[in-house]
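Q: quick check, what structure comes out for this input:
(chains A, B, C and D)
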2 protein chains.
Amino acid sequence: MTMAKQIDDADVFLATVDMLLANGYAGATTKMIAEAAGINEVTLFRKYGSKAELVAAALLHERAALEKEQPVAYTGNVEADLLAMVRIYAEAAHRQSALMLLIIAEVARYPELRETMQVPFMLISRFGKIVARYQEEGRLHSGEPLLVVGALLGPVIVNTMLRSAETSLPIPPIDLRIHIERFLHGYAIR
Amino acid sequence: MTMAKQIDDADVFLATVDMLLANGYAGATTKMIAEAAGINEVTLFRKYGSKAELVAAALLHERAALEKEQPVAYTGNVEADLLAMVRIYAEAAHRQSALMLLIIAEVARYPELRETMQVPFMLISRFGKIVARYQEEGRLHSGEPLLVVGALLGPVIVNTMLRSAETSLPIPPIDLRIHIERFLHGYAIR
DNA sequence: TTTTTTTGCAAGTAATCACTTGCATTTTAG
DNA sequence: CTAAAATGCAAGTGATTACTTGCAAAAAAA
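A: Below you'll find the model as predicted:
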């Protein structure tokens, strides 16, 4: 006898992740989350047990949403595939990128949340497989695929980070096409 | 009448930054910091006013230490200079790198600490000038120097981040020489 | 030495946080 | 309709936090 719920988990999880991104783990209070989700704070504890469990559930839900996304597939066109990866990261998975930063910087300190850390790393590991295939075909230089993915995404991630930090430095947005061109053929002239 | 101090500010600042890196801003309690610095918690408030002021002072002190470091200079050898930048970042300024992550991810949320954010960005802006010079000489492709620095450091930063997060992914350390080689001449074969 | 300043210690304050309890109300299931 | 489950509301608990106060000891300055 499963009972229909008046409260939509998805709404609560969305509010939870929003508050996490905006205020961090310590800064996202259960009171705030409840308010943002439009439910009573007590209900939060009755349904999810504790703040840590709620956050873990919300992150896992975020992963489930990511799994349904258009996966980047191998097409045989290196340039197009790399661009697609970087685009996914820079646009569609912008939220994931911010989440990854949050998780690495903060959530890692909370042992009870350790297992949820893998969530944003799925993308990276998926990209690694495509890179590996192009390496086997002799289209990309060899080397640990995860390092190559890091080199591909690193500039984009760092650009996002720096720009979101609103530093005094005037950092322009990265041009993904140019980035791929330079990634493939280098920054050196000649 | 300047009075000699029994308590060394440097010790306190070191303990403060250590605690920040290990536990984050919210997680680094004044009690912990005092304990790590070997002084009384009350002294912390008497000398530095508030936690925010203490953290700000500690971060500014960290910047002062960075300023005394061997600056990366223009030598005319692109490859060597780029490698030196990346080395500084990956080794000597490892702590700075972690600090930057912490500051971007967490400190940015505390308005009273906003001005201390520029601290780790000094390096980046310094690197930008060297890159700009090589661009003027026609040795590197043109483009906003700060973006080029981002592309240079991005893979290293992301590698450090991912490895420090102890993910389930087996991410090897990055080889800086190879990274520079790929940065200059690209990942494409042919 | 005498005075001033710095530090430590014990205790406490007010706020906040995650989390709980009891009870009334609404919603859903049978 | 009736019973059970889900939710809201008000109040409270205990722990923790940044920060304060008063006073004595120690160190430095004069």
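
Q: how about low-confidence regions in chain A?
A: Applying pLDDT under 70 to chain A flags residues A:1-7, A:70, A:91-93, A:117, A:119-120, A:190.

Q: mind checking how far the closest residue in space to residue A:40 that isn't next to it in sequence is from DNA strand D?
A: For residue A:40, ignoring the flanking residues on the chain, the nearest one in space by Cβ to Cβ, 6 or more residues apart in numbering or on different chains is residue A:34 at 6.2 Å. Glycine gets a C-beta too; all of them are placed from N, C-alpha and C. With the distance defined as Cβ to the nearest atom of the strand, to the nearest Å, residue A:34 ends up 8 Å from DNA strand D.

Q: cool, and residue A:160?
A: From residue A:160 to DNA strand D the distance is 29 Å (Cβ to the nearest atom of the strand).

Q: that residue in helix, strand or coil?
A: Per DSSP: H, G, I helix; E, B strand; the rest coil, the secondary structure class of residue A:160 is helix.

Q: report the contact partners of it.
A: When contacts are counted by Cβ atoms under 8 Å, 6 or more residues apart in numbering or on different chains, residue A:160 touches A:90, A:94, A:97, A:98.

Q: ditto for residue A:90
A: Per Cβ under 8 Å, 6+ apart, neighbours of residue A:90: A:97, A:156, A:160, A:174, A:176.

Q: wait, isn't the fourth one in contact with residue A:159?
A: Right, the one you point to is residue A:174. Yes. In this structure, residue A:174 is within contact of residue A:159 by Cβ atoms under 8 Å, at 4.3 Å.

Q: joint contacts of the two?
A: Any residue near both residue A:174 and residue A:159 by Cβ under 8 Å, 6+ apart counts here, and that gives B:147, B:150.

Q: host element of the residue nearest to residue A:40?
A: helix A:30-37 (DSSP states H and E).

Q: may I have that helix as PDB, with CA atoms only?
A: Provided in PDB are the C-alpha atoms of helix A:30-37 (Å, rounded to 0.1, in the frame of the first residue of the first chain):
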ATOM      1  CA  THR A  30      17.000  23.300   7.600                       C
ATOM      2  CA  LYS A  31      14.800  26.200   8.300                       C
ATOM      3  CA  MET A  32      15.800  27.900   5.100                       C
ATOM      4  CA  ILE A  33      15.400  24.800   3.000                       C
ATOM      5  CA  ALA A  34      11.900  24.200   4.400                       C
ATOM      6  CA  GLU A  35      11.000  27.800   3.700                       C
ATOM      7  CA  ALA A  36      12.300  27.600   0.100                       C
ATOM      8  CA  ALA A  37      10.500  24.300  -0.400                       C
END
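
Q: so how far is that helix from its chain's centroid?
A: Taking the mean of its C-alpha atoms, helix A:30-37 sits 23 Å from the chain's own mean (Cα atoms, centre = their mean, to the nearest Å).

Q: fine, thanks again, bye for now.
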